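Student: My questions are about this predicted structure, shown below with the sequence.
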Amino acid sequence: MKQTVRVATLLSLSAATLLASGYRIPEQSLNSVALSAAYVAGANGADASYYNPANMSFMENGAFTEVAMTYINLPKVNYTAAGATPAGNANGDSKEEQFLMPNLHYVSPKMGDWRYGLSITAPAGLSKRWDESYQMRTSEEFTLKVIEVNPTVSYLVTDQFSLGFGLRGVYTDGVVKSNAGTATRDLTGDSIDFGYNLAMSYKPIKDLTFSATYRSKVDLTVEGEATLVHPLIAGGRYSGGASVTIPLPASLALATAYTMDKTTVEFVFERTYWSSYKELDFNYDSTLSTTGGTSSPYAVFDSPRPKNWKDVNAYRIGISHQYSDALKLMAGFAIDKTPVPDSTLGFELPDSDAKLYSVGFEYKLSQNLKVGLAYLYDDKEERSVTNTSSSAPSGTFTDSSAHLLTASFKYKF
């Protein structure tokens, strides 16, 4: 599935999420968008199946569903080169990106001390495209689609303590294109991979909850077809199999939520283990020639690219207020650090530290039906890097951001 998938994985993910360091997208429901993903200990709807399956045990009886659609807008990212570059004027803007991201959540009625859930989400992905010649050498297009099917179960150990478990089935589809004039690549591929998630919640008193959740790493083992054009490839072209493995990293969230009358405040500390992403290494069915040194087919398409990302933390706070019997208001704020070091920053994912701001509401139309709307703004910091390698940018990235708008329908059976 083309190296495009791999590279796209890392760049798209972060772009979309621009909401999470790297390429994860933690916002997968109305409440998570409205609260900047400060939604773990306080998860109490159908989306608890995804954010904290242990909390399903504490929900009132009945079957809960949520169907949501998120519109994501990624404005142009501006790049200003520092000094002369091998390609001359390297200044330019990426293309604006727009996406629609649906998700579905379900929690079953209680079955004794057990309860079951199911979530279908897009936990990573998106796209970054450039049409200036300097950026196109490595990142003409990186597009990644990731869909996760996550069945879960909870078990009520005591009236105050619950455990949750889940299996992760992840489908990845990607495209990678680069154009350096005489050397071009066009890759596509997909994969199905698996992982798991764990959760626990403890309620020492009715209005206070402590929770911990863990999502395992999933290696995205993308396989597909590649077309490589290079003057030193036999016949000038390679068309055949290609593969690459990229990690969807493990993450740990520690959270506490406290309700005071009609207002709930939640704090979340989240650590994402990006250090598992050490290099990007594409493999092909045929060995590519090393003739030509740094301009050889091997160096351009097949040489492992160091990434050396680092583990990072995110800090989130969310506030929910039950304004009336029908109307709930929500707001959130988060600080999210980037895992990408200066030395391996690339045009496929010009990531930087971010601050997230969000608001939203939920309105009860009837005893069983609720609708809602939420907005999140992800503001990326300006980032300047200095690199000596011709394959890495040396300059300043500005105007990087993301806008998310989510509409949701919730129904209780």
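Tutor: Thanks, I have the structure now. Numbering: from 1, shown residues only.

Student: Output stretch 30-43 as PDB, nothing but the C-alphas.
Tutor: The C-alpha coordinates for stretch 30-43 follow below in PDB (Å, rounded to 0.1, in the frame of the first residue of the first chain):
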ATOM      1  CA  LEU A  30     -19.500  15.200  20.300                       C
ATOM      2  CA  ASN A  31     -18.400  15.400  24.000                       C
ATOM      3  CA  SER A  32     -14.700  14.700  23.200                       C
ATOM      4  CA  VAL A  33     -14.600  17.600  20.700                       C
ATOM      5  CA  ALA A  34     -16.500  20.000  23.000                       C
ATOM      6  CA  LEU A  35     -14.100  19.100  25.900                       C
ATOM      7  CA  SER A  36     -10.800  19.000  24.000                       C
ATOM      8  CA  ALA A  37     -10.700  15.300  24.700                       C
ATOM      9  CA  ALA A  38     -10.800  15.900  28.500                       C
ATOM     10  CA  TYR A  39     -13.400  13.100  28.600                       C
ATOM     11  CA  VAL A  40     -12.300   9.900  30.300                       C
ATOM     12  CA  ALA A  41     -13.400   9.800  33.900                       C
ATOM     13  CA  GLY A  42     -16.600  11.600  33.000                       C
ATOM     14  CA  ALA A  43     -17.500   9.600  29.900                       C
END
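
Student: mind listing what the nearest residue to P26 once chain neighbours are set aside touches?
Tutor: The shortest distance from P26 to any non-neighbouring residue, by Cβ to Cβ, 6 or more residues apart in numbering, is to A37 (4.3 Å). Using the backbone N, CA and C atoms, a C-beta is placed for each residue, glycine as well. Listed by Cβ atoms under 8 Å, 6 or more residues apart in numbering, the contact set of A37 reads 19-20, 26-27, 268, 270, 314, 316, 332, 334, 356.

Student: Which members of the residues you listed occur in strands, if any?
Tutor: When DSSP state E defines the strands, the subset of the contacts of A37 inside them is 268, 270, 314, 316, 332, 334, 356.

Student: The last one touches D378, doesn't it?
Tutor: What it means is L356. Yes - assessed by Cβ atoms under 8 Å, L356 is found in contact with D378 at 5.2 Å.

Student: where along the stretch 51-200 of the chain do the helices fall?
Tutor: 133-139 (DSSP state H, counting those that start in this stretch).

Student: hmm, back to that, looking at the ones in strands among the contacts of A37, which two lie furthest apart in space?
Tutor: Greatest spatial distance among these (Cβ to Cβ): E270 and G332, at 13.1 Å.
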